[in-house]
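J.: Quick one, fold the following:
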Amino acid sequence: MSKPRILVIDDERNTREGLGRALKPKYNVTLAENGEAGYKKLVQQPFDLVLTDLRMPGLDGLSFIRRVNTMDTPPTCIMLTAYGSVENAVEAMKAGAYDYLTKPVNLDNLEMLVERALESRDLKQENRRLKEELADRYAFENMIGQSTAMQHVFDSLKQAAPARSTVLLTGENGTGKELAAHALHNLSPRADKPFVVVNCAALSRNLLESELFGHEKDAFTNANARRIGRFEAADGGSFFLDEISEIDAAVQVKLLRVLEAHAFERVGGNESIEVDIRLIAATNCDLKAMVDAGDFRQDLYFRLHVLHIDMPPLRQRREDIPLLIKYHLDLFNAENGKNVTGVAPEALDTLTTYDWPGNVRELRNCVERMIVMTQDSTLTIADVPHEIRDAAGTVLVPVTTLPTASVLDMETNERNLIVQALRNCNGNRSAAARELGISRRTLHRKINQFNLRDL
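T.: Coordinates of the predicted model:
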């Protein structure tokens, strides 16, 4: 396997050549006498790591790093300078340097720092690959799931999206019904038209009727001007009625007419207004039971129930929980300036076992709370809210059986992956590294780390 490529930039010839001699036994080293010459070499061929002096005529080290970091795949940079100070170190790190060394350079420290920097680069590339794989395989229109249940939902949404037919989304609160509605709109021929949302439970009957259909001036007290309703605003697009079980009988009648005749009248008006909308409705109630109880019109139920997609609760797709936790770790790390890298096995067991009555919405809030409150880089069982720890029972889905990309205990996951790859390749480390998608050097380091030399 080819050696990592290192570019050394220093305007002092003795320093430049001395560093080159020290690094050449293990690395493919190129030398440059100043920042401009170094940048030209970097444009001509890729390098894994750059060691650059801080004070140089022309393009200095900080300016060089800032310029390099605008590249699509910038190399890792280490700053070298005879002017060792906290201010220079902070400025170099802000510019994008991996680390900072002062001259005269201690070669042992340099060797360790270069090794760490290259390992960090390898890990970032591996993480990027895993994230891309996660997005490709398990993400769909802001929904995440590798479970059979969610893959069925994704397939159903893809199939239903191009149609004009009404869709009824059912499922408990927090299962992602609004995300599914957005997906239906985004994947439909109406994607460039309005997507209008109304939560029926948030409005009284009179307000809901006016909100949906609009009203004429003086239609009721305080109706001081004509109001255009949401149906008119959604003309040509998609209309999402959330909590549709909450609408009363009078509004149900008017809604039925919209579905059957694609027309309605504003409150207090006689003019028939035609609209072209695709209706998507959602509920966490059993509409069929409401029909049987006389609380929901049967004819409206049939009109709504043309295409039916049920969103499964999180407790029925536990294998998706680690994926969702990983997604929200990245999200809330970025939002809160944190660097939480994983979840300890005991904590992940507890989170996977918990039934999540609030589903994905509850999980999202839980992960945000843990990330904000933790003082460590790994979430432990102590970070899990006590009510979740108390409620969690026997583990129903062992974490070790979950797919590779979803496991957040990175050390255990990496060890298991490496063991399996080495066995698959009969101990051939080059073949195992290719199967894992990592460098042979990284594999060698991991073998030593996990004491797998006998495999």
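J.: C-alpha only now, for contacts and for neighbours.
T.: Will do.
J.: So what's the residue count around P312?
T.: By the criterion of other CA atoms under 10 Å, P312 has 18 neighbours.
J.: Pretty sure it sits in a helix.
T.: No - P312 is assigned coil when assessed by DSSP: H, G, I helix; E, B strand; the rest coil, not a helix.
J.: Quickly list the domain ranges of this structure.
T.: 5-129, 148-312, 316-449 (automatic domain parsing).
J.: Just the element for L7, please.
T.: Following DSSP states H and E, one finds L7 within strand 5-9.
J.: Out of the domains of the chain, which gets the lowest mean score?
T.: Among those, domain 316-449 carries the lowest mean pLDDT, a mean of 79.
J.: Report the separation between S204 and D192.
T.: From S204 across to D192, the span is 31 Å (CA to CA, to the nearest Å).
J.: just to revisit the earlier point, CA atoms only: put the strand holding L7 into PDB for me.
T.: Output of strand 5-9 as PDB, limited to C-alpha atoms (Å, rounded to 0.1, in the frame of the first residue of the first chain):
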ATOM      1  CA  ARG A   5       2.000  11.900   1.200                       C
ATOM      2  CA  ILE A   6       3.400  14.700   3.300                       C
ATOM      3  CA  LEU A   7       4.300  18.200   2.100                       C
ATOM      4  CA  VAL A   8       6.900  20.200   4.200                       C
ATOM      5  CA  ILE A   9       6.900  24.000   3.700                       C
END
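J.: what's it packed up against?
T.: When contacts are defined as 3 or more CA pairs under 8 Å, 6 or more residues apart in numbering; DSSP states H and E, strand 5-9 packs onto helix 13-23, strand 28-32, helix 35-44, strand 49-53.
J.: export the ones you listed to a markdown table and tack on mean neighbour count and distance to M150?
T.: Shown next, in a markdown table, are the helices and strands packed on strand 5-9 (neighbours: other CA atoms under 10 Å; distance: least, CA to CA, whole Å):
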| stretch | mean neighbour count | distance to M150 |
| --- | --- | --- |
| helix 13-23 | 16 | 51 |
| strand 28-32 | 19 | 48 |
| helix 35-44 | 16 | 45 |
| strand 49-53 | 26 | 42 |
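J.: May I see those arranged in JSON lines, with distance to L329 as well?
T.: Listed next are the helices and strands packed on strand 5-9 as JSON lines, based on distance: least, CA to CA, whole Å:
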{"stretch": "helix 13-23", "distance to L329": "38"}
{"stretch": "strand 28-32", "distance to L329": "37"}
{"stretch": "helix 35-44", "distance to L329": "34"}
{"stretch": "strand 49-53", "distance to L329": "29"}
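J.: wait, which of those is closest to G337?
T.: Nearest of the helices and strands packed on strand 5-9 to G337, taken as CA to CA: strand 49-53 at 26.3 Å.
J.: What strands line up against the closest one, and which way round?
T.: Here strand 49-53 has these sheet partners by DSSP bridges: strand 5-9 (parallel), strand 76-81 (parallel).
J.: Quick check: what element follows that strand along the chain?
T.: helix 61-68.
J.: Determine the set of other helices and strands touching that next one.
T.: On a contact count with 3+ CA pairs under 8 Å, 6+ apart, helix 61-68 meets helix 35-44, helix 86-95.
J.: any idea how far that helix is from the chain center?
T.: Distance of helix 61-68 from the chain centroid (CA atoms, centre = their mean, to the nearest Å) equals 30 Å.
J.: what inclination does that helix have with respect to helix 86-95?
T.: Helix 61-68 and helix 86-95 are oriented at 10 degrees to each other (axes from the mean of the first three to the mean of the last three CA atoms, to 10 degrees).
J.: Give me the contacts around helix 61-68.
T.: With contact meaning CA atoms under 8 Å, 6 or more residues apart in numbering, helix 61-68 is reached by 35-36, 39, 52-55, 74-75, 77, 79, 91-92, 95-97.
J.: Swap in 10 Å and give it another go.
T.: Helix 61-68 has contacts (CA atoms under 10 Å, 6 or more residues apart in numbering) with 9-10, 34-36, 38-39, 42-43, 50-56, 58-59, 74-81, 88, 91-97.
J.: Emit the PyMOL select command for whichever of those are buried.
T.: The PyMOL command for the buried members of the contacts of helix 61-68 (criterion: 16 or more other CA atoms under 10 Å) is given here:
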select buried, resi 9+10+34+35+36+38+39+42+50+51+52+53+54+55+56+59+74+75+76+77+78+79+80+81+88+92+93+95+96+97
